[in-house]
Each structure stands twice: as C-alpha cells, then as structure tokens.
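K.L.:
dropping a prediction and its sequence here:
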Amino acid sequence: MSASSIGAPVRRTEDRRFITGRGQYTDDIRRPYQTHAYFLRSPHAHATIKGVDAKKASKMPGVLAIYTGEDIAKDKVGDLICGWMVLSKDGSQMKAGRHPALAQGKVRYVGDSVAVVIAETPDQAKDAASAIKVDYGVLPAVADAAKARDPGAPQIHENAPRNTIYEWALGDAAAVDAAFKRARHVTKLDFINNRLIPNAIEPRAAIGEYDQGTESFTLWTTSQNPHVARLVMSAFIGIAPEHKFRVIAPDVGGGFGSKIFIYPEETVCIWASKKVGRPVRWTAERNESFQADAHGRDHVTHAELAVDERGKILALKVKTTANIGAYMSTFSSAVPTFLYAPLLSGQYEIPAIYCEVDGVYTNTAPVDAYRGAGRPEACFVIERVVEVAAREIRMDPAEFRKRNFIKSFPYQTPVASLYDAGDYPGALDKALQLHDYRNFGKRKAESERNGKLRGIGLSSYIEACGVAPSSLAGMLGCGVGLWESAEIAVTPTGMVEVLTGCHSHGQGHETTFAQLVSAKLGIPMEHINVVHGDTDKVQFGMGTYGSRSGPVGMSAIVKAVDKVIAKGKKVAAHVLEAAEGDIEFKDGKFQVAGTDKSAEFGAIALQAYIAHKFPTAEIEPGLK
Amino acid sequence: MYKFAYHKAKNVKDAAALLKKAGDSKLLAGGQTLIPTLKLRLAGPAALVDIGGVKELSGIALKGKDLVIGAMTRHAEVATSKVVRKAIPALAALAETIGDPAVRNQGTIGGSIANNDPAADYPAACLGLGATIVTSKRKIPADKFFKGLFETALGDDEIITEVHFPVPKSAGYAKFPNPASRYALVGVFVSRNGSDVRVAVTGAGEGGVFRVAEMEKALQKDFSAKALDGIAVKPRGLNSDIHASAEYRAHLVGVMAKRAAASAA
Amino acid sequence: MKWTAIDDFGIVINPMIVEGQVHGGIAQGVGQALLEGAVYDKHGQLVTGSYMDYCMPRADNLPSFNVDYVVTKCPSNPLGIKGCGEAGAIAAPVAVVNAITNAVGHEDVPMPATPQAVWAAVQKSAKLRKAAE
C-alpha cells in the first residue's frame, strides 16, 4: 500500500458497495415499530379545498392517523421557506406566497399534498388515502409562464398580484441602449429553455423518528445538504430545536439539485413521528417524483445582441420570464437571477449588458436548481445569440467567438462577475483541431450525397463554480453562508477520518477526497475514511451542489490537512529532539532537515495521543 | 396493487375454467403490461390466472406452410429462434425491437396480441402476414381479430393458444420508435405471399392496427420502395399526441412503408 | 454525431472521475436538447408524468465523446482547481441546437428538438427555399 497522488485515475472505492447492492439508502433503513406515510395529492392544478372527509378512511385497517393542513396549522408548524431574498427593480421584496407542508384551503398544482395517512403498511396507507373524500372547488389554472400574467389569468397566491413574484434586473440599461444605437447589426432571438424533470435514480425518501426519552429527533433523508435541512427545519419550520435534531443523509442515489431543497414530505414525516409516537417513513413512487420533485429551467427569453462593423460585440440585452411554479422552493428565487444573469457575459468581452428577469407563479410543480441551475440557461442565451449573430453577419462562428473572447485576466464583467483566469482561445483552438473543424465542409458534402443534412454547433461556457464567497452571497440576499468545512481527525494508530460538510450522492467524493488527503499526508488511501452526511458527526457544512465540492470543499480539506501537518511538526520536534523550524514533512515522514532523523506519520500520531514526550501545557494532546 | 386472488393454471382447459369461475379475472401471461397496470392501481381484477407454467402454450415450429408460435413464447425466443430467422426473418427482427431485454425475456406474443396496444409491434406482424390466431375455442383470421384500441375478438374466457403465420416470399418491418417509451410511433409491416401483398400499420391509427389498400395495390404491381413514391396516407384518423401530430405520423407511415418494402424486396 | 469537449478544470485530482462527470453532464445536456421536456396541458395536468412520455437520454442516444482539457490554475483557492460537476450540462444543449439549426439552415428549432420538431424544421427549410427561388 502506498500513497496516492494528485492526477492519478484512482478507481472509485465506493462502487464496490454500490454495485454489489450493499449501499445503505434511506429506503434500506428499517426502524423498530416503523409506520408508513402516504400522501394524498391533488388531482387538480388549482382548486379550493371545501372540505376533507376522512371519517371512513381513519377507521380502515392499519390506519394510525390522518392529518391535513388543519393539523399542521394547529400545531403551528412553520411554512416551507425560500431562503434567498430577491428584490425587484423598485426595491420591493419578492412576494413569496405561503407554503404549508400540507395544503391549507387551496391546492396549487397537481401533486400538492392535501393529507397524509400513516398506517402499519404502505398498502393500508394507500387504501385509506383513496377513501378520503376531498371536496374541491376547481379553479381555472395556468401552467405556462408566458401566460401567467395575462389579464384574466387565475390568481395563485393572494399576495402576489398578477402572479408576479419579482421583477428583477441587473446591469446598466442606459449604457446598453446607447450601445444599441451605435450598432451596425442587431440580432434578435426568442426562445424557450425547456422545463426538465430531474429523475434521480433513487426517488426521494424520508424516515422521521422521535425519541421520547431524550426528546430528540432523527431524520434520515435523501439530502444533498443535511446541515441546511436541519437548520431550515429548526429555525424556520420549527419542527425541533437544532441541538436535539439529527439529520442523516446516508447513501443517496443522485440528486442533480433536486435533493438540495427542504420539501413537505420530510417535514411531515419528522413532525408526525412525534404525534404518532413511532417512526414514520415515506419513499416516493416514481410518479410522485415526476409530480412533486422540484423541476428545472422553464424560461421564456427574448435576447438581443448589438455588434459593430468589425464584428465586435457592443452590448447584450436579455428579458426572461422564469417559471417558479406554484410555490417558491428553497433556492428558487436565486436560480433565474443571481445564478443566471451574472453569467450572461459568457467568455466574451461585452461592454454593456442589461438583463431583466420576472419570476412568476404558475400552477405547476415548484421549479428550482437542476444541474447547472441558471448557468445552462445563461449559456444558452449568450451562445445562441452569438452563433446566430455570426451567421447573420456571415462570419465564421469560431472566428466571431475568438474575436470577442476575453483575453486578459482578471476581467470584470458588467454583470457583477469577476473572472480570475482562463484561456478561451486556447480551449476553442484545441476543440477545433480535435474535431477537425476545418474539414467540416467535406463531411457536410458527403452527408448531402447520402441525402442527409449535417450541421455543426459550437458553444463555450463559463461556470461560477461553488457560488461563493459567503460575504457576497449574503450581500446578494442568500440566507446562509456558502463556505465549507472539513475536519481531519487522526487516530492514535495513524488512521485518518476526513469529515466533510460536502455530500456525495454519486460524485465519488469518498475516492477523490481520500486521494487528496493520501497525496498530502503520504499515507495509503486505505488508511483514510471520508465521513459525510450526518449532522451528529460533521460539525457543519453546506452540502454539495453548484460544482462546489472541489473548489470549496477540497480547499477546506487542504487547509485542515495543513493544520494537522503543522501540529504534527510540533510533536515531531519534541520526539526528534529538534527545533520545530527544522522539521520537514514529506512523503509521510516528519524529518529533521539535513539529517536522516525522521518519524513516520503514524508514529507521530501515536506520540500526539500518548503525550509522553511533550509538555501538554504547550501542546494539546491528540492530532486533528 | 389492489388485492387479488392468484390461480396457477395447469393447462389451457384448466385456465379457461378458472377464468370462467373467477368472474372478474385476468389472464397473466408475461405480465409486462398487466403488472405495471396493477402496480399503478389502474386495474383491480378479483383474480389473476397465471398461464406461465402451461408448457403446451410455448414453442416455435414450422408446420406445412405455416410458422406456428405458441402464445406463451417470449419475444426473446422469437428474436433468437433459428426457425423464425430462416422462415420469416422480419418477424425475428421485429421481436428484437420490442421494449428492452427484460421485457423481451418476459413478454409473450399471445399477451401482446390479446392486449392489442395500438402501438405494439406484433399486431402489425399478424395483420401484415395474414396470420391466424388460434384460441381455446376457434381460429380467427388477423383481419377479424383486431377490433380497435385494446379491443379484440376474444371472448371473456377465450385464450390464445397459437399464432399461425403463413411463411411469405418476403417481408419487412420498419419501426420509428417513440423516443420515450420505444413503442412504435409508427411501425409498418410489409409482406408478399404469391399475389397476396399486405401493408399493415401500427402506432398510427386511432383505431389501432390497419392496412393500407393503396400501398398494397401499388406493391402488387411492383414490389419495391419506389412503387410507394407519391402515395400519401391522410392524417385524418391518425393519432395525435405530444410526440407526433397526425401529420407527422402520416409522413412517417410513408417513410416506414418504403423502408419496410426496401428491406423486404 | 461527432462530439468534442474541451474543459478547463484547473488542477485535476482524479481525471477518471472528472471525465465521468463530463460524460454525465453532456448526457443530461443532450437530453435537454433532444429528448427531455416536461409538458403541462392547459388545465395544469402533467402530460409527461412517466417514462412512457418523458424521455431520458439512454446510452444508444449518445455518441462517444472526445474529451480533453486546457489547464489554467484557479488563483482563488489553494489547489488551483475548478468545479466540473455541471460543465457538460451547461455547454451541451446550446451546442446541439446550434448544430441542428446549422443543418436545417434556419434558427427556428425548439428544445427539445424531437424527431417531430426536426421534421417540422426541415419542412420549413423546404418552404423557405421555395420562397427564395
């Protein structure tokens, strides 16, 4: 066994358990005396609830309890929240409608939960749910974002007139208008960024459990960010005090963003577990995933690009209507605004950009972050309009891009983003060469001879990975910080636990993170265990989404490793009877510089714990 | 799933008796449609009669001028059978396009035909080859068997036992799959057997599988893809959904018919 | 289909895992461009409520990907690394649409560019050609 290195294609260590069926997903977990929840969902996109009659259902075999929105209200369970404040152009706050975990008075999309049945078996819960009579007053519905603000469109939330949540803008409208006046050519485009359903292979699931002895709660759930789930459910929904609330996200089978959010179902499971006095579990059926997982994208956009006579871009103007769905999901407000408009400059020097985004309610499932979250939408806008502009002015699209690429860094865009590094012409040239771009014409002609059409498309992208720093996130209205934590805990035998606030749900962190620590500490990967997804083990963390585990999560790990090495040097100085400044750490060994005196990492770990050779007043025992 | 009684039939006679006795019951063949339907609670029969263990219903043989396939023969068996590949290669190729490997290893020809899904492949083969569907009670020509969406000539306690396919001089099947479900958005089966030329279309018709007389006439004169030039099927009476409008389906019928004819010629 | 992707992820810890992320991202991006689309009807009913109607990308929908890198170190973190999880999903959809519109010769192609949508776009090209003649 030897240490790994940065840049090695190490095979994923977690795959052994996944492909041999030994993963532990939420649905694999069995709790003593567990019960099963089934959610009765609205078949209507928009309706008032005139009454719920559960008398017959509650007497059916195995039924332990049936709860509705009234019970949620009676227990003063807080509404689900959207954790990112977005202000309209006029400075007013976004108009978030109430989002109770079980519908109160009204349903707003097909799949909105009206009641929950808790029973001894899933089938009994389902049977009883079908016996519940809900008296709906069906209302007209609107699903299309482009029509949500039409006169006469149904009003979905009382506090959001014309279904408008916000009318947000970024950039300098006056500068853009001036630039358009100077333009030789203007390209105009309308398009829809289609709505997507995430479809993680593992459906969402939750088990809520209340321990009457310790008055504490445990929630197992399919989460990409268990600490955030605990924070939101404690601070805002008010389910349980944070110090008596443990959230565990065990193995999770894909998220793509859809498992970032705090949903009604897990909220109900943890709340109901105290009411029924037994663990309450729920696993979504696939049709529930389709109906009630947060969807992605769904933008209606008009974009205009102004170009001068030399083929240089002068300005970009974008107007987007974003479908937020029937309720504002946890980060829904930020996706089409802060995660979108600041990326509109793409890889190009664009002197002026102005973007307006209107967030609207519709009678559809909530829409929130989905792989890329705002950035694919932004990339689509700029790369479509750039491509079409090149075609319209009859310039090779690759040449047009090159002419407009940002070439020196740092570069401040007119939409807040500051770029620190990149080689855009280098990347494009490499792509063109690998793709044999030059000979595309020949391939096209060949296809035409076979009666087929052939086309070539380019796109270049930038991504704001890791959405940080926290101070900026705070300034932009985010309710949480976006830093990451890591802890390196070394045992007396020199084994290493890496505790991370990131969450692996398919990304292979258990391998990559261990590989990084192995390379840094010079110890075999087999001596390293990556621990994540448990609020009782990891001090805090923001989870995994937005391509943040690498740049943010691993940065924290490196800093923690450096602290362990620094402490190790102090211990080694005493053990090796040398000055601390003379101790070097290399290839897993603490060495006195210029001598052959050294001690293995594991030996120093042991010394750190037995504390025989250093004054404990000066150095704390232990190594982490 | 709702609760149901489960009966395992020993033979065809037994199965028919069980069906009759149980009243509101369903025959369970490969279960590739029925089981998902039950799981989604879209059906709730009082009883299932499982014919999975009835050996006499399974098998492939050449009998005279007919290729005879037992009702419980799995799609994968038809797809890989040397007998089928030699006698009617287009039929083996069709079976290979049904669903995915799990479906093909479980789903049966009898089940598919009895279900008569308007986008299923086998109904096109039956109608396109002029097959005879043999049941526990009688023999039904394909032309009289398929009655409309999910409707057939089968009686309540009638069980398909075999399908007899006349071995044609040549045949071809071309399918444009629905990108999501991979059922036929449009599938066209073409065959010629002496002067009998047949063109059967699945996936497209509001009333399920149908024949196209104009194409058959043209192919009788000249059995080639070229003979179908300029023959357009009208969108009227064709299905329209999010995947394909009636107009697009009409277009696809033309394209698939030519591909089928080309592969058969 | 011929596919080339060049990414700049800065310093890469595990190139195999990174390439997997790129592949998966492109698959989802191609899914959005060609196959996936949630459809609600005018009453707010979800028409694409199962895999029978909602089309996920499968292996046989995708070509092999040529994946390579340029490297500029990120100056803002100690390792010089950049994120890679979403890259493919970001850049892929628009590349596909740019290619299809290039093939059909006009810009009116929606996402997802399903067979029906591409057929309609080809019909439109023919009409445009006729009008131009």
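P.N.:
Structure's in. What do you need? Numbering: from 1, shown residues only, chains lettered A, B, ... in the order given.
K.L.:
state the distance from residue A:153 to residue B:19.
P.N.:
Counting by C-beta to C-beta, to the nearest Å, the separation of residue A:153 from residue B:19 is 53 Å. (C-beta placed from N, C-alpha, C; glycine too.)
K.L.:
of the two, who's got more company?
P.N.:
Per other C-beta atoms under 10 Å in any protein chain shown, whichever of residue A:153 and residue B:19 has more neighbours is residue B:19, with 23 against 18.
K.L.:
SS state for the more buried one?
P.N.:
helix (DSSP: H, G, I helix; E, B strand; the rest coil).
K.L.:
same deal with residue B:62?
P.N.:
strand.
K.L.:
what is it paired to in the beta sheet?
P.N.:
Assessed by DSSP bridges, residue B:62 has beta-bridge partners residue B:67.
K.L.:
residues in contact with it?
P.N.:
Residues in contact with residue B:62 (C-beta atoms under 8 Å, 6 or more residues apart in numbering or on different chains) are B:68, B:83, B:87, B:167.
K.L.:
and the pLDDT at residue A:128?
P.N.:
We note a pLDDT of 98 for residue A:128 in this prediction.
K.L.:
that one belongs to a helix, doesn't it?
P.N.:
Yes. Applying three-state DSSP, one finds residue A:128 inside a helix.
K.L.:
what about it, how many neighbours?
P.N.:
Neighbours around residue A:128, by other C-beta under 10 Å: 26.
K.L.:
with adjacent residues omitted, what lies nearest to residue 72?
P.N.:
Picked chain A for this. Using C-beta to C-beta, 6 or more residues apart in numbering or on different chains and skipping residues adjacent in sequence, the residue nearest residue A:72 is residue A:102, 5.0 Å away.
K.L.:
that's the wrong chain, I meant chain C
P.N.:
Among residues not flanking residue C:72 along the chain, residue A:421 sits closest, at 4.5 Å (C-beta to C-beta, 6+ apart).
K.L.:
relative to chain B, how far out is that neighbour?
P.N.:
40 Å (C-beta to the nearest C-beta, to the nearest Å).
K.L.:
give the contact list for the closest residue to chain C within the stretch 51-200 of chain B.
P.N.:
As assessed by C-beta to the nearest C-beta, chain C sits closest to residue B:180 within the stretch 51-200 of chain B, at 3.7 Å. Residue B:180 is in contact with B:243, C:35, C:48, C:51-56, counting by C-beta under 8 Å, 6+ apart.
K.L.:
show me which of those are buried.
P.N.:
Among the contacts of residue B:180, those scoring as buried are B:243, C:35, C:48, C:53-55 (criterion: 16 or more other C-beta atoms under 10 Å in any protein chain shown).
K.L.:
out of the residues you listed, which sit inside strands?
P.N.:
Using DSSP state E, no member of those falls within strands.
K.L.:
and which of these is nearest residue B:99?
P.N.:
residue C:55 (15.0 Å; C-beta to C-beta).
K.L.:
wouldn't the closest one be in contact with residue C:33 here?
P.N.:
No. Applying C-beta atoms under 8 Å as the test, residue C:55 and residue C:33 come out as separate, 11.7 Å apart.
K.L.:
show me which residues of the stretch 51-200 of chain B sit near chain C.
P.N.:
With C-beta under 8 Å from any C-beta of the partner chain as the criterion, the stretch 51-200 of chain B meets chain C at residues B:176, B:179-181, B:185.
K.L.:
show me where the stretch 51-200 of chain B has strands.
P.N.:
B:60-63, B:66-70, B:132-135, B:139-141, B:146-148, B:151-152, B:160-166, B:170-177, B:184-193, B:196-202 (DSSP state E, counting those that start in this stretch).
K.L.:
what residue in chain C comes nearest to chain B?
P.N.:
Closest point on chain C to chain B, by C-beta to the nearest C-beta, is residue C:55, at 3.7 Å.
K.L.:
tell me, how many residues neighbour residue 97?
P.N.:
Using chain A. 20.
K.L.:
um, chain B though
P.N.:
Residue B:97 - counted by other C-beta under 10 Å - has 17 other residues nearby.
K.L.:
ok, now which ones touch it?
P.N.:
With C-beta under 8 Å, 6+ apart, residue B:97 has these contacts: B:121, B:173, B:175, B:177.
K.L.:
is it true that the second one touches residue B:96?
P.N.:
No. Using C-beta under 8 Å, residue B:173 is not in contact with residue B:96, being 10.1 Å away.
K.L.:
who has more neighbours, these two?
P.N.:
Using other C-beta under 10 Å as the criterion, residue B:173 and residue B:96 rank with residue B:173 on top: 31 against 14.
K.L.:
what's that one in contact with, if anything?
P.N.:
B:90-91, B:93-94, B:97, B:121, B:124-125, B:128, B:187-190, B:260, B:263 are the contacts of residue B:173 under C-beta under 8 Å, 6+ apart.
K.L.:
give me that answer again for 10 Å
P.N.:
By C-beta atoms under 10 Å, 6 or more residues apart in numbering or on different chains, the contact set of residue B:173 is B:88-95, B:97, B:121, B:124-125, B:128-129, B:184, B:187-191, B:200, B:202, B:256, B:259-260, B:263-264.
K.L.:
repeat for residue A:180
P.N.:
Residue A:180 makes contact with A:186, A:304-306, A:314-317, A:352, A:354, according to C-beta under 10 Å, 6+ apart.
K.L.:
name the SS class of the residue in the stretch 501-624 of chain A positioned nearest to chain B, please.
P.N.:
Nearest to chain B in the stretch 501-624 of chain A, going by C-beta to the nearest C-beta, is residue A:506, at a distance of 22.6 Å. Following three-state DSSP, residue A:506 is assigned to coil.
K.L.:
that one contacts residue A:25, doesn't it?
P.N.:
No. Taking contacts as C-beta atoms under 10 Å, residue A:506 lies outside contact range of residue A:25: 11.8 Å.
K.L.:
on that earlier part again, between the contacts of residue B:97, which is nearest residue A:624?
P.N.:
Of all the contacts of residue B:97, residue A:624 sits closest to residue B:177, with 56.9 Å by C-beta to C-beta.
K.L.:
gap between residue C:50 and residue A:120?
P.N.:
29 Å.
K.L.:
rewinding a little: quick one, phi psi at the closest residue to the residue of the stretch 501-624 of chain A closest to chain B other than its chain neighbours?
P.N.:
Once flanking residues are discounted, residue A:506 sits nearest to residue A:254: 5.0 Å by C-beta to C-beta, 6+ apart. Residue A:254 has phi and psi values of phi 90, psi 150 when expressed as degrees, to the nearest 10.
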